[in-house]
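Visitor: Let's see this in three dimensions:
(chains A and B)
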Amino acid sequence: MSTLRPVRGAHDLFPEQMREHRYVSDAARGVAALYGFDEMATPIFEYSNVFKRTLGDTSDIVTKEMYTFTDKGGDEITLRPENTAGVARSFISEGLAQSTPLKFFYSGPMFRYERPQKGRLRQFHQIGVELVGVPAVQADLEVIACGARILDELGVLDKTVLELNTLGDTDSRSEYRDALVDYLQGHLGSLSAESRDRLERNPLRILDSKDEGDRAVITAAPLFTDYLNEDSQTFFAELRAGLENLGIAYELNPRLVRGLDYYCHTAFEFTTTALGAQGAVIAGGRYDGLISMMGGAQTPGVGWAGGIERLSMLCGGALPTPRPVVIVPVGATTRDRALQLAETLRRAGFRIDLSYSGNMSKRMKRANKLGACAAILLGEDELLRDEATIRHMDSGEQEAAPLASLPEVLARYK
RNA sequence: GUGGCUGUAGCUCAGUCGGUUAGAGCGCUAGAUUGUGGAUCUAGAGGUCGGGGGUUCAAUUCCCCUCAGCCACCCCA
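Guide: Predicted structure coming up:
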């Protein structure tokens, strides 16, 4: 075993896995386009404060998971841990406020310093959509429907559950937050150390604690639904009615929380039990406070991100390997003609590979290993007649054909 | 970041109650078959037994540390 290895949690993607990734991202890109989300890309790194300001100083991602370094100019740079912050930065710095509503699709690598597991890597890949500038619930519905449609296209929708919650608007949330903190202050002694720690920074997260002492306290805690104001209730009711109207099944999960202040109203996750501890395959929500928090004009937004590796695992079965036509030159004088023929057929749209060396037997073995659908045997005597022998690899049948007719003959094997 | 399990050939794994040259299947290379693949047979290459340290006359085997993988917690994609 070599001491030379990839960085922990980072993996090479060989053609087979690359095909699986492409299968997921191509399907997603295609479906997203039908919803009007066109692909864009932000840089893989940003100034660190792009993420610090948007993700909040208290989130796990910022406090312990960012790949941050100082570049040669002395600037603090961070490899993006997610894409929404970059889109928001781009919205502000490129003056996109003039062009709302904006609908973007993206696909690419993200980086988080986490402990790797199956379905959880340090360099991983996400697809996602963002819809910026529409405050109405139709935006949420379109975004969620697009996610569901992609899962359906990939054939995994029935392996997932759409979990849904509302975080209410800013007023509702801050009122509830105050009430919750008041209540929890009164039970400080019964709370776990971690929850006491969270009380200041991220009290809503305590609701999700699995600690037994915490759970006892939480049972009697004030209910968020009692603090939802009328606007928030209406928004959520419309969202639910809209999903039902579209025939999109969902389950309410009141414990689905987002700890950061700029999240509001809609929070959702498509989750699965098929991937062990890594349940979320697509997760998103509404972030009306994000762009203003970064210094832009108050602009609503809603979006989601999905993990390509997780989606790919969920898809399961291996994708079919492409089958080339392999040219087998026989005899020293046929090599140049073989290369010419390869070029001609490639121009005609065929996937052509060559057997490079060895005797006939070796070359046929190579054709077989490449999974060829057909082999073109190019011998000296055939070439004198401008012909080649085509062998159908599955049946073993052979026929002679003029070189000029090869595209038509091969078309039958496609 | 915490806890548990695991680490022997490219892959999947046996094995060594501490003792000479560490095994199998698959895969790979070559030949049987110098103009014909998949099957079969034969031969061959390939391992500092994850890495470092300790105990011992002797460590792949026992102990410690470390690294990596998997699982759970956590978090999420």
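Visitor: Break chain A into its domains for me.
Guide: For chain A, automatic domain parsing gives the domain ranges A:15-169+A:229-315, A:325-411.
Visitor: Looking at those, which one is packed in the most?
Guide: domain A:15-169+A:229-315 (a mean of 18; mean count of other CB atoms under 10 Å). Heads up, the C-betas are built off the backbone N, CA and C, glycines and all.
Visitor: do that one and RNA strand B meet?
Guide: Yes: using CB under 7 Å from any atom of the strand, domain A:15-169+A:229-315 reaches RNA strand B at A:59-61, A:64, A:82, A:112, A:114-121, A:124, A:126, A:258-259, A:269, A:271, A:276-283, A:305-307, A:309-310.
Visitor: Can you list the neighbours in contact with stretch A:20-33?
Guide: With contact meaning CB atoms under 8 Å, 6 or more residues apart in numbering, stretch A:20-33 is reached by A:13, A:38-39, A:105, A:107, A:125, A:127, A:129, A:146, A:149-150, A:153-154, A:306, A:308-309, A:311-312, A:315, A:318-319.
Visitor: can we see that at 7 Å?
Guide: A:13, A:39, A:105, A:107, A:125, A:127, A:129, A:146, A:149-150, A:153-154, A:308, A:311-312, A:315, A:319 (CB atoms under 7 Å, 6 or more residues apart in numbering).
Visitor: And for stretch A:392-412?
Guide: Residues contacting stretch A:392-412 (CB under 7 Å, 6+ apart): A:325, A:341, A:345, A:348, A:350, A:367-368, A:372-375, A:386-391, A:413.
Visitor: Out of the residues you listed, list just those in helices.
Guide: A:L341, A:L345, A:A367, A:N368 (DSSP state H).
Visitor: Now the first one: closest residue in space that isn't a chain neighbour?
Guide: Yep, that's A:L341 we're talking about. In space, and not counting its chain neighbours, A:L341 is closest to A:I327: 6.1 Å by CB to CB, 6 or more residues apart in numbering.
Visitor: Specify the beta-bridge partners of the one you found.
Guide: A:L354, A:I376 (DSSP bridges).
Visitor: distance of it from A:S395?
Guide: Noted for A:I327: a distance of 19 Å to A:S395, by CB to CB, to the nearest Å.
Visitor: and if you look at A:D71?
Guide: A:D71 is 60 Å from A:S395, by CB to CB.
Visitor: do the same with A:V156
Guide: 36 Å.
Visitor: And for A:T160?
Guide: On the measure of CB to CB, A:T160 and A:S395 end up 42 Å apart.
Visitor: which phi and psi does A:L256 have?
Guide: When read as degrees, to the nearest 10, the backbone of A:L256 gives phi -80, psi 100.
Visitor: So what sits opposite A:E46 in the bridge?
Guide: A:T78.
Visitor: residues contacting it?
Guide: Contacts of A:E46 by CB under 7 Å, 6+ apart are A:T78, A:R80, A:G86, A:R89.
Visitor: do the same with A:A274
Guide: Applying CB under 7 Å, 6+ apart, the residues contacting A:A274 are A:K159, A:L314.
Visitor: Check A:P203 too.
Guide: Residues near A:P203 by CB under 7 Å, 6+ apart: A:R177, A:L180, A:V181, A:L184.
Visitor: Produce a PyMOL select command limited to the buried residues of the residues you listed.
Guide: To isolate the buried ones among these in PyMOL, judged by 16 or more other CB atoms under 10 Å, type:
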select buried, chain A and resi 177+180+184
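Visitor: Can you add pLDDT and distance to A:R335 and give the contacts of A:P203 back as JSON lines?
Guide: As requested, the contacts of A:P203 are exported to JSON lines (pLDDT from 0 to 100; distance: CB to CB, whole Å):
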{"residue": "A:R177", "pLDDT": "84", "distance to A:R335": "75"}
{"residue": "A:L180", "pLDDT": "85", "distance to A:R335": "78"}
{"residue": "A:V181", "pLDDT": "85", "distance to A:R335": "79"}
{"residue": "A:L184", "pLDDT": "83", "distance to A:R335": "79"}
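Visitor: Fine, thanks again, bye for now.
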